[in-house]
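Trainee: Sequence and predicted structure are below.
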Amino acid sequence: MFNIDYSGNKITGIRHPFSGQIREIQIITDCNPEQPMIPYPDIYKSPDTLDLQLAQIMAIETHYHCKVPDYARLVRLLLMEMHRLLNHFNYFSTLACAIQFPKLLEKSVANSAIIRALLLIIDKVQSLNKYFVIGGIATDLPTGFIETLTDSIHVIQKNLGYYERQLVQKTLLSNLLEDIGIISQKHAKTCSLSGPNYYASLPQAEYRLITNNLLPKSVHLEPIKTDFRKGTIGDSWNRSWIRFMEIEQSLRLILQLTGVIIKTDINLMIQPFLPGRDSDFMVNFNHAEGQIISHISKSQNNHYITGKHQYPVINVIKNLDSILVGERISSAKIVLSSLNLNPVKYLIH
């Protein structure tokens, strides 16, 4: 898949087929007033693309000033943090394969399976690709879901000690990740990186997983402060550490949300009003891997809103050559894994 040019043990260039194949992901939302307002992803029904579905729904709501009940907002946040966990554990699974670290792979696959199983509980009641609707959510969480989720989160939290020890202590894992694939702050900006790949390149940073305007007042979320204990700013270790810190905070946030949800009056949706006029607008949505750029369009001649979305991994792919040139060939797999190229599979048509 990747063709690497090298001289001695140093990479001089990298070639891959992705640039010519990558397309935007298209999602269509049915806005026929006689039909349920549900999003229809064209071919993407995986829990891995929940972020795109919510990005489109929230873009439409913002543009048309639609109101959303507090309960529905809380449930949306809950599912999006579960999606973040799924994304980050998939990241560590890929990293473990690249460095041939079986125990890390075992734990990451197990944690990912826990989250995926929880999302599939919802999917059995209401298809996940139709769960987010304009004005709220399609249906309530299944009976007993909050209790099952809470128990599962506690199991995952117990597993995190292993990750922290492997990253912080002088281990084979930390040694393999340190001081390779270094992306400076200036280079990260030039490449238009965002999310963990960008924050890992900052000497000091303080940011929030969720912006304050999306959080209810009853939920308190401390900012993440970059605390790079090892390696070099912007290296593969830092990119892994940022995602580990996000996992920790995401777990704490989910537990807070579960407590608030059970105390909030159930109100799934407020019927939206969508004027019958042409609309064409751009919107940015930040989530697990950074900034999703969405182009939303609606024609007054039909009842559909079409969204075309670009994942932040596109900017990584475009700049792989400048990131990898000068690295050792033996480090190529680790550096590529630390950038998280997993979402590419959804962009190749």
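Mentor: Okay, I see it. Numbers count the residues shown, from 1 in each chain.
Trainee: distance between the ends of stretch 4-23?
Mentor: With C-alpha to C-alpha, to the nearest Å as the measure, stretch 4-23 spans 24 Å from end to end.
Trainee: got it, and stretch 193-206?
Mentor: 17 Å.
Trainee: now what about it, what contacts it?
Mentor: 183-185, 187-189, 207, 223-226, 233-235, 238-239, 241-243, 246, 286-291, 312, 315-316, 319, 339-340 (C-beta atoms under 8 Å, 6 or more residues apart in numbering). C-beta coordinates here come from the backbone N, C-alpha and C atoms, glycine included.
Trainee: Can you select the buried ones from those residues in PyMOL?
Mentor: The buried residues among the contacts of stretch 193-206 can be selected in PyMOL (16 or more other C-beta atoms under 10 Å) with this line:
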select buried, resi 183+185+188+207+224+226+233+234+235+238+239+241+242+243+246+286+287+288+289+290+291+312+315+316+319+339+340
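Trainee: Please report how far the residue lying closest to residue 47 once chain neighbours are set aside lies from residue 249.
Mentor: Nearest residue to residue 47, sequence neighbours excluded (C-beta to C-beta, 6 or more residues apart in numbering): residue 119, at 4.4 Å. To residue 249, residue 119 is 20 Å away according to C-beta to C-beta, to the nearest Å.
Trainee: before we move on, back to that, out of the contacts of stretch 193-206, which sit inside strands?
Mentor: With DSSP state E as the criterion, strands contain 207, 224, 225, 286, 287, 290, 291 from among those.
Trainee: In this structure the last one contacts residue 309, no?
Mentor: No. The pair residue 291 / residue 309 is not scored as a contact, 11.0 Å apart, by C-beta atoms under 8 Å.
Trainee: For stretch 125-142, list every residue counted as buried.
Mentor: Applying 16+ other C-beta under 10 Å to stretch 125-142 flags 126, 128-138, 140-141 as buried.
Trainee: The residues you listed into JSON lines, with extra columns for pLDDT and distance to residue 53?
Mentor: JSON lines is the format used below for the buried residues of stretch 125-142 (pLDDT from 0 to 100; distance: C-beta to C-beta, whole Å):
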{"residue": "126", "pLDDT": "83", "distance to residue 53": "13"}
{"residue": "128", "pLDDT": "85", "distance to residue 53": "8"}
{"residue": "129", "pLDDT": "78", "distance to residue 53": "6"}
{"residue": "130", "pLDDT": "81", "distance to residue 53": "9"}
{"residue": "131", "pLDDT": "88", "distance to residue 53": "8"}
{"residue": "132", "pLDDT": "89", "distance to residue 53": "5"}
{"residue": "133", "pLDDT": "88", "distance to residue 53": "10"}
{"residue": "134", "pLDDT": "89", "distance to residue 53": "12"}
{"residue": "135", "pLDDT": "92", "distance to residue 53": "14"}
{"residue": "136", "pLDDT": "93", "distance to residue 53": "14"}
{"residue": "137", "pLDDT": "93", "distance to residue 53": "11"}
{"residue": "138", "pLDDT": "90", "distance to residue 53": "11"}
{"residue": "140", "pLDDT": "95", "distance to residue 53": "18"}
{"residue": "141", "pLDDT": "96", "distance to residue 53": "17"}
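Trainee: tell me which element residue 149 falls in.
Mentor: helix 145-168 (DSSP states H and E).
Trainee: Need the contact partners of that helix.
Mentor: So helix 145-168 is contacted by 78, 82, 85, 92, 103-104, 107, 110-111, 114-115, 118, 121-122, 171, 173-174, 177, 229-230, 237, 240-241, 244, 247-248, 251, 254-255, 258, 261-262 (C-beta under 8 Å, 6+ apart).
Trainee: what's the answer for stretch 115-125, then?
Mentor: Taking C-beta under 8 Å, 6+ apart as the rule, stretch 115-125 contacts 47, 50, 79, 82-83, 85-86, 89, 128, 131, 139, 141-142, 145, 148-149, 152, 156.
Trainee: just checking, which of those belong to helices?
Mentor: Per DSSP state H, helices hold the following members of the contacts of stretch 115-125: 50, 79, 82, 83, 85, 86, 89, 145, 148, 149, 152, 156.
Trainee: Fine by me, thanks again.
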